[in-house]
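Chemist: Curious how this folds, go ahead:
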Amino acid sequence: MVLEPFTVSRDRLTGPRDSTVLITGGSSGIGLQTAILLHDLGNNVIVLDRTQPHPSAPKSLISSPRFLYRQCDISSWKSQRAAFEAGFQKFGSIDGVFVNAGIAEYKDQFFGDELDQDGLLKEPDRRTLDIDLHAANDTTKLAIYYMKKRPDRNKGGAIVMTASLAGYLASTGAPLYSAAKHGIVGLMRALKNDTAKLGIGVSVVAPGITLTDIVSGRKPGESLSEWAKRMRGQGVPINDPSEIADFVVYLMSLGIEANGKGLLIQAGRAVDVEHGIATSRKIWMGDEMLGLFRGGRNAPLFPNRL
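Modeler: Numbers count the residues shown, from 1 in each chain. Have a look, this model is predicted:
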């Protein structure tokens with residue numbers, strides 16, 4: 001089976017509407033572009049971020065009664081919990097969550113050997129995993145909790161998580177970032193059957209290189225646009241944050257139909273990698289292993305927690 005890449009036309013996005021969506025890391029980049037689009041469609045938008053919205057954010061968004069910015073350290077459970085509660089109290093519901101906040105690889109944690117004050121190997125810095133995986137887990141936990149509290153439980157819900165190309169094809173030089181993003185994909189896969197029973201569609205976007213502030217490798221003084229022009233000249237596929245936002249909102253518009261989807265996005269085009277993986281199991285598992293898997297997958301190994 002050959003997967004055909006597709007694009008999303010922003011002017012054809014008609015939903016979601018009249019919903020409340022919370023976005024982590026929504027003050028800039030992909031998160032901000034998603035906030036702008038959702039607000040333009042008529043939704044309430046809650047942005048959680050450590051910093052105020054970027055100066056480029058439209059005044060029509062910042063001053064809107066349908067917009068709430070909440071300063072938040074997503075690595076703190078109490079900070080995230082308080083931010084979710086503030087959004088829920090203001091709008092009375094949280095119908096969608098974009099689990100988006102993250103950071104790039106932080107230094108060389110495997111081959112750069114630093115010593116501590118005792119002259120012994122220094123404990124690794126875990127901030128990449130703490131933010132890109134552990135904090136994202138917390139966001140997802142809070143998302144499910146608050147969606148279950150909605151007055152209209154029959155409305156359905158949507159959780160979209162930002163993974164990465166590195167979540168499917170590990171990136172050399174970014175081992176912890178790649179591990180965290182593989183974890184995001186794995187979390188979606190592990191949750192999708194249970195969230196479906198709650199009417200919540202959980203999915204991931206997995207962008208390739210995207211023009212955000214976490215991009216590394218720029219020359220001194222080189223702007224993002226200059227870097228992008230140089231990379232595109234070398235044949236590197238580059239995404240614009242607004243293109244990723246279009247796919248995020250597209251997934252949210254599908255509701256439960258988006259459950260289990262994993263959109264790999266390069267140069268503004270996407271394929272549902274999860275669909276490709278599911279339909280090609282025989283190729284990468286082989287007949288015997290696939291038969292054994294199918295024979296045992298309904299075994300009651302874990303209790304149903306719903």
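Chemist: As CSV, could you dump the C-alpha coordinates of stretch 97-110?
Modeler: C-alpha atoms of stretch 97-110 as CSV (Å, rounded to 0.1, in the frame of the first residue of the first chain):
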residue,chain,number,x,y,z
VAL,A,97,-6.2,20.1,24.2
PHE,A,98,-3.1,20.6,22.0
VAL,A,99,-0.1,19.1,23.9
ASN,A,100,2.5,21.1,22.2
ALA,A,101,5.1,22.6,24.6
GLY,A,102,8.6,21.3,24.2
ILE,A,103,12.3,22.0,24.0
ALA,A,104,15.1,20.9,21.8
GLU,A,105,18.0,18.6,22.8
TYR,A,106,19.9,20.1,25.7
LYS,A,107,23.7,19.7,25.4
ASP,A,108,25.4,16.3,24.9
GLN,A,109,24.2,14.0,27.6
PHE,A,110,25.9,10.8,26.4
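Chemist: okay, and the helix or strand of this structure with the least pLDDT?
Modeler: Every helix and strand of the chain was ranked by mean pLDDT, DSSP states H and E. The lowest is helix 224-233, at a mean of 82.
Chemist: Flag every buried residue along that helix.
Modeler: Within helix 224-233, the residues scored as buried using 16 or more other Cβ atoms under 10 Å are 227-228, 231. For the C-beta atoms, the positions are set from N, CA and C on the backbone; glycine is no exception.
Chemist: State the pLDDT value of the closest residue to residue 244 other than its chain neighbours.
Modeler: Nearest residue to residue 244, sequence neighbours excluded (Cβ to Cβ, 6 or more residues apart in numbering): residue 30, at 4.7 Å. In the prediction, the pLDDT value recorded for residue 30 is 96.
Chemist: same check, this time on residue 18
Modeler: So, for residue 18, pLDDT stands at 95.
Chemist: element containing residue 54, please.
Modeler: Using DSSP states H and E, residue 54 sits within no helix or strand.
Chemist: Mind naming the longest helix for this protein?
Modeler: helix 175-197 (DSSP state H).
Chemist: Can you name every helix or strand that it contacts?
Modeler: Where contact means 3 or more Cβ pairs under 8 Å, 6 or more residues apart in numbering; DSSP states H and E, helix 175-197 is packed against helix 127-129, helix 135-148, strand 157-162, strand 200-207.
Chemist: Work out the gap between the shortest one and the centre of the chain.
Modeler: Read it as helix 127-129. 15 Å (Cα atoms, centre = their mean, to the nearest Å).
Chemist: Can you give me the buried ones in that helix?
Modeler: Quick answer for helix 127-129 (16+ other Cβ under 10 Å): 128-129.
Chemist: ok, now stretch 193-200?
Modeler: Residues of stretch 193-200 classed as buried by neighbour count (16+ other Cβ under 10 Å): 195, 198-200.
Chemist: Closest to residue 43 out of the residues you listed?
Modeler: Closest approach between the buried residues of stretch 193-200 and residue 43, by Cβ to Cβ: residue 200, at 16.8 Å.
Chemist: The closest one pairs with what?
Modeler: residue 157 (DSSP bridges).
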